[in-house]
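Undergrad: Curious how this folds, go ahead:
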Amino acid sequence: MVNAVAPNVAGMRAGGGGGGGMVRLGLVRSGACLYGGRRWGRVSCAAAAGGGAEEVVIGEATATARRFPRIVGLGSKLIGCGSAVPKFELSNDDLAQIVETSDEWISVRTGIRKRRVLTGGETVNELATEAGKKALEMAEVEADQVDLVLMCTSTPDDLFGSATQVHTALGCKNAWAFDITAACSGFLVGLITATRFIKGGGYKNILVIGADALSKHVDWSDRGTCILFGDGAGAVLVQATSGEQDGLFGFDINSDGDGYKHLKAETTEEKEKEEIISSSNGSTRFPPKKPAYSFIQMNGKEVFRFAVKCVPHSIEAALQEAGLSSSSIDWLLLHQANQRIIDAVASRLEIPPQKVLSNLANYGNTSAASIPLALDEAVRGGKVKSGDVIAASGFGAGLTWGSAILRWR
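TA: Numbers count the residues shown, from 1 in each chain. Below you'll find the model as predicted:
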């Protein structure tokens, strides 16, 4: 058993409490990190007796100094992509054995014929890590050259998020990481966020990962929702470039909480249990009930109406900012929610079917993973080529939606 004692914060800030900046009180200095405006040693836990330190070092992956000067005002370009899906494939015919449905009923209404679902010991983190590795390999960027990892997910393996676990698994020892939750718009939001860190923060290489496993939150007895969702992950490497070569031409992002009720998975509470502390002052009972999430609840008609109205407007706004018309688009890449939505948006923008990217039939709605997963397949399949202009748009729960006009490589 290892016992660590918190350092005297006041003493640390004053430079005292242990001589020479070393924090004693059960903590061992090892390397460097910044604390309270001053550079301090990385901290490892020391045994209560014997004086030895454990091998696991807190903050060992932290860079001791910045590897590059921060240059703001740079543009961004996408130079690598990757994807990963679970092994288990669930077809419409398989679903017909679970709920009252058929392959024809599902495919006609959604365009979906099969999807991948996490089983056994597979995790969202593993899918995200695999997708990230493939994106780095295509980009020819080493893991220790990455400055930031953005994990876009609504279904992390841990309540507090998965970004740091994924960035450590990838070996991005010089990066920091955080999670972004914006449901099916998550990857698009992450992509735009990455370009802002490059333009305003001087970052060079940012890995954006979209990964979700909505199968964990689906009611498999509800044919209105269980037929739609699948699991997967996709990633892109966004790299700084000169302003003249900026590959993000324009973007538009929006949210509207009034539409929240149409697509949600609310927290619920366990049944009543005996209260430990009662109160007569009108406060709620204690302890709080254990929370859990409900199954995904969706008003399909309202979500469809929202998507076919708001997505074309968002793409048009992004095109206007870019100073381009829809005829300049080489590829339309939408969140893969429903083929009817994809076809309706393409029709309103007068984009022919041969310019629309869709892999919905094989994977279903993979939430934040859907855009990078479809992009990766299109790039590796030879459809999307260097210099192609892509109009990408994500939309989903929140309600949230947004679009970006960008160039591939």
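Undergrad: mind listing the strands in the stretch 51-200 of the chain by residue range?
TA: Assigned by DSSP state E, counting those that start in this stretch, the stretch 51-200 of the chain shows strands spanning 53-58, 75-84, 88-91, 114-117, 148-152, 176-180.
Undergrad: Switch those over to a markdown table; also include mean neighbour count, distance to residue 239 and mean pLDDT.
TA: (Glycine included, C-beta is placed from N, CA and C.) Shown next, in a markdown table, are these (neighbours: other Cβ atoms under 10 Å; distance: least, Cβ to Cβ, whole Å; pLDDT from 0 to 100):
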| stretch | mean neighbour count | distance to residue 239 | mean pLDDT |
| --- | --- | --- | --- |
| strand 53-58 | 13 | 30 | 50 |
| strand 75-84 | 24 | 5 | 98 |
| strand 88-91 | 16 | 34 | 96 |
| strand 114-117 | 24 | 29 | 97 |
| strand 148-152 | 28 | 12 | 98 |
| strand 176-180 | 19 | 17 | 97 |
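Undergrad: right, so of these, which gets closest to residue 230?
TA: Nearest to residue 230 among those is strand 114-117 (2.9 Å), distances taken as Cβ to Cβ.
Undergrad: outside of that closest one, which residues touch it?
TA: Contacts to strand 114-117, defined as Cβ atoms under 8 Å, 6 or more residues apart in numbering, come from residues 85-92, 215, 229-232, 361-364, 366.
Undergrad: Can you select the buried ones among those for me in PyMOL?
TA: In PyMOL, this line selects whichever of the contacts of strand 114-117 come out buried by 16 or more other Cβ atoms under 10 Å:
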select buried, resi 85+86+90+92+215+229+230+231+232+362+363+364+366
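Undergrad: Over to the closest residue to residue 75 other than its chain neighbours: give its phi and psi.
TA: Leaving out its chain neighbours, the residue that sits closest to residue 75 by Cβ to Cβ, 6 or more residues apart in numbering is residue 246, at 2.6 Å. The phi/psi pair for residue 246 (degrees, to the nearest 10) reads phi -60, psi 130.
Undergrad: I'd like to know how far residue 246 sits from residue 238.
TA: 11 Å (Cβ to Cβ, to the nearest Å).
Undergrad: Of the two, which one has the most company?
TA: residue 238 (30 against 18; other Cβ atoms under 10 Å).
Undergrad: The protein: helices as residue ranges?
TA: 9-14, 92-95, 103-110, 124-139, 163-170, 186-201, 300-322, 339-348, 360-363, 370-380 (DSSP state H).
Undergrad: Could you single out the most deeply buried of these?
TA: For the helices of the chain, average neighbour numbers computed from mean count of other Cβ atoms under 10 Å are highest in helix 370-380, which has a mean of 25.
Undergrad: State the mean pLDDT of stretch 351-366.
TA: Averaging pLDDT along stretch 351-366 yields 97.
Undergrad: gap between it and the chain center?
TA: 20 Å (Cα atoms, centre = their mean, to the nearest Å).
Undergrad: ok so, going back, among the strands of the stretch 51-200 of the chain, which is nearest residue 326?
TA: Ranking the strands of the stretch 51-200 of the chain by proximity to residue 326 (Cβ to Cβ) places strand 75-84 first, at 20.7 Å.
Undergrad: Give me the distance from the closest one to the chain's centre.
TA: Distance, stretch centre to chain centre, for strand 75-84: 14 Å (Cα atoms, centre = their mean).
Undergrad: thinking again about what came up before, save the helices of the chain as CSV, and put in distance to residue 152 too.
TA: Listed next are the helices of the chain as CSV, based on distance: least, Cβ to Cβ, whole Å:
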stretch, distance to residue 152
helix 9-14, 35
helix 92-95, 27
helix 103-110, 23
helix 124-139, 9
helix 163-170, 9
helix 186-201, 4
helix 300-322, 18
helix 339-348, 20
helix 360-363, 17
helix 370-380, 9
